[in-house]
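1. sequence first, then the predicted structure, then my questions.
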Amino acid sequence: MSQDPRNEGKRLSALKALEFVEDGSIVGVGTGSTVAFFIEGLADMKSRIKGAVSSSEQSTRLLEKAGIEVFDLNHAGTLPLYVDGADECDPHGRLIKGGGGALTREKIIAAASRRFVCIVDPSKEVDVLGRFPLPIEVIPMARSYVAREIVARGGQPVWRDGFTTDNGNVILDVHNWSITDPVALERELNQLAGVVCVGLFAARAADVVIVGANVRQG
């Protein structure tokens, strides 16, 4: 698996993130291929932590298979650490997430955590967000309305047909946006009726970004 240079970058990022895990804590865990490496490393130190809060059914299965107890966020309280990957990351630690469809739960856990550590390989770094289509989770009956509102703002929404989120909603992937003010766009899209979550993590950006073995502040 690690023969692919991108996978090696993911693995190095994930292993570096383990250094931020506090003994006796409950760790917020994201979703995706890079996070899978983090869960592997977390399994090797599971005796040092209390457990984890998971952002997706996929990660829950991996955590439970590794013998790590999974807590409900409502019972865990504020988390000291949330570790997750990203589809894109700009120089300010602002992200596009949601390629795997878990953006809503990921955003909730990020908001409930004191420190958000983002782990990526170098291919995810961009100067301006938007090369990767922006996922937006939408209540099914609002899909067409939200799509029209996005078109009016210059975006090209594509329904992720056949995909349903863990929350029972649908996703629109928005192409053709160069996102120069991600905080403002995130705020604007959040106001559209029927939008559950926007895959822009800008108002709550990453505090730390790990690219390979290199650590920088968000």
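-> That came in fine, so what should we check first?

2. so what pLDDT did the spatially closest residue to residue 199 that is not a sequence neighbour get?
-> Nearest non-adjacent residue to residue 199, counting by Cβ to Cβ, 6 or more residues apart in numbering: residue 98, 3.3 Å away. In this view, the C-beta of every residue, glycine as well, is placed from N, C-alpha and C. Looking at residue 98, its pLDDT reads 96.

3. and for residue 214?
-> 88.

4. need the contact partners of the lengthiest helix in the chain.
-> Counting by DSSP state H, the longest helix found in the chain is helix 5-17. If you take Cβ atoms under 8 Å, 6 or more residues apart in numbering as the criterion, helix 5-17 is touched by 1-2, 33-35, 37-38, 40-41, 83, 85, 117, 119-123, 210-213, 215.

5. check stretch 196-203 too.
-> Counting by Cβ under 8 Å, 6+ apart, residues outside stretch 196-203 touching it are 86-87, 94-98, 103-104, 106-107, 110, 129, 134-139, 167, 169, 179, 182-183, 185-187, 189-190.

6. got it, and stretch 50-58?
-> 24-31, 42, 60, 63, 68-73, 76, 79, 84, 100-102, 105-106, 108-109, 166.

7. so which residues of the protein form strands?
-> Taking DSSP state E, the strands of the chain run over residues 26-29, 51-54, 70-71, 81-84, 88-89, 95-96, 116-120, 134-138, 156-159, 170-175, 195-198, 200-201, 208-211, 214-217.
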